[in-house]
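[1] take a look and give me a structure for this.
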Amino acid sequence: MDCSRGGKLIFDLRKEKKMTQKQLADAMNISDKTISKWERGLGCPDVSLLKSLSDILGVHIEKILLGNLDPNDIDGGNMKRIKFYECPTCGNILTATGEATISCCGRKLLPLVAKPADDLHKINVEEIEDDFYITFKHEMTKKHYLTFFAYVTCDRVLLIKLYPEQGGEVRFPKRQRGTLYYCCKEHGLWINQ
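    Residues are numbered from 1 along each chain as shown. The predicted model follows:
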């Protein structure tokens, strides 16, 4: 860890949180002199304190060690670049429209890569009233099931989370033209074309 860069980041994040050195020190059960030492680059936080520091400042430990946050370029909101992430531990579904470091349950997640549907993952889409009515014959057991459907338009994502032993149908309100994605727990992300 570069103590100067780490100290500057700690200083900036502390100011961003509108905390004094004393408030940060009290929250960590250490002295404010220690915080001052870090911020001046005269020392680095002990490994045992990094988790607490990370939680209080709202930043990953890795970023504290690197001494910078490296902000992303401003996202123009292009939904065509949407990425889906699914936590293998808890099943959380996350999305991003730009570059992001996504983690859940302590694991860094990689974006799912959409593939065109194969025979096992074919779906049927019908227009009924003002909805897209989607049916599928995919198995829905605890070990092998479709975990979510997402309908992505130019300005929004409509997402339906599925669970094992659920029926083989979903409905989305029909909106402007969009793309339909769905995810299989065993075989990953699929795109309906």
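[2] which one is I128 nearest to, not counting chain neighbours?
    R171 (7.9 Å; C-beta to C-beta, 6 or more residues apart in numbering). Yep, even glycine has a C-beta here, placed from its N, CA and C like the rest.
[3] please give me every residue in contact with that neighbour.
    When the contact criterion is C-beta atoms under 8 Å, 6 or more residues apart in numbering, the partners of R171 are I128, D131, F132, Y133, I134.
[4] got a pLDDT number for the second one?
    Translated: D131. At D131, the pLDDT value in this model is 90.
[5] any idea which element the residue nearest to it when sequence neighbours are not counted lies in?
    Nearest non-adjacent residue to D131, counting by C-beta to C-beta, 6+ apart: R171, 4.6 Å away. For R171, the host element (DSSP states H and E) is strand 169-173.
[6] cool, and D55?
    helix 50-57.
[7] list the buried residues of the next helix or strand after that helix.
    Following helix 50-57 in sequence order, the next helix or strand is helix 61-66 (DSSP H and E). Neighbour counts over helix 61-66 (16 or more other C-beta atoms under 10 Å) mark K63, I64, L65 as buried.
[8] from those, which is closest to R81?
    The closest of the buried residues of helix 61-66 to R81 turns out to be K63 (C-beta to C-beta; 23.6 Å).
[9] ok, residues contacting the longest helix seen in the chain?
    Longest helix of the chain, by residue count under DSSP state H: helix 3-16. With contacts defined as C-beta under 8 Å, 6+ apart, helix 3-16 is touched by 20-21, 24, 35, 38-45, 53, 57-59, 63-69.
[10] stretch 149-163 too?
    Here stretch 149-163 makes contact (C-beta under 8 Å, 6+ apart) with 77, 79, 82, 84, 93, 95, 132, 134, 140, 145-148, 170, 172-173, 175-182.
[11] just checking, which of the contacts of R171 belong to strands?
    When DSSP state E is applied, the contacts of R171 are split such that I128, D131, F132, Y133, I134 fall in strands.
[12] out of those, which end up buried?
    For those, buried by 16+ other C-beta under 10 Å: F132, I134.
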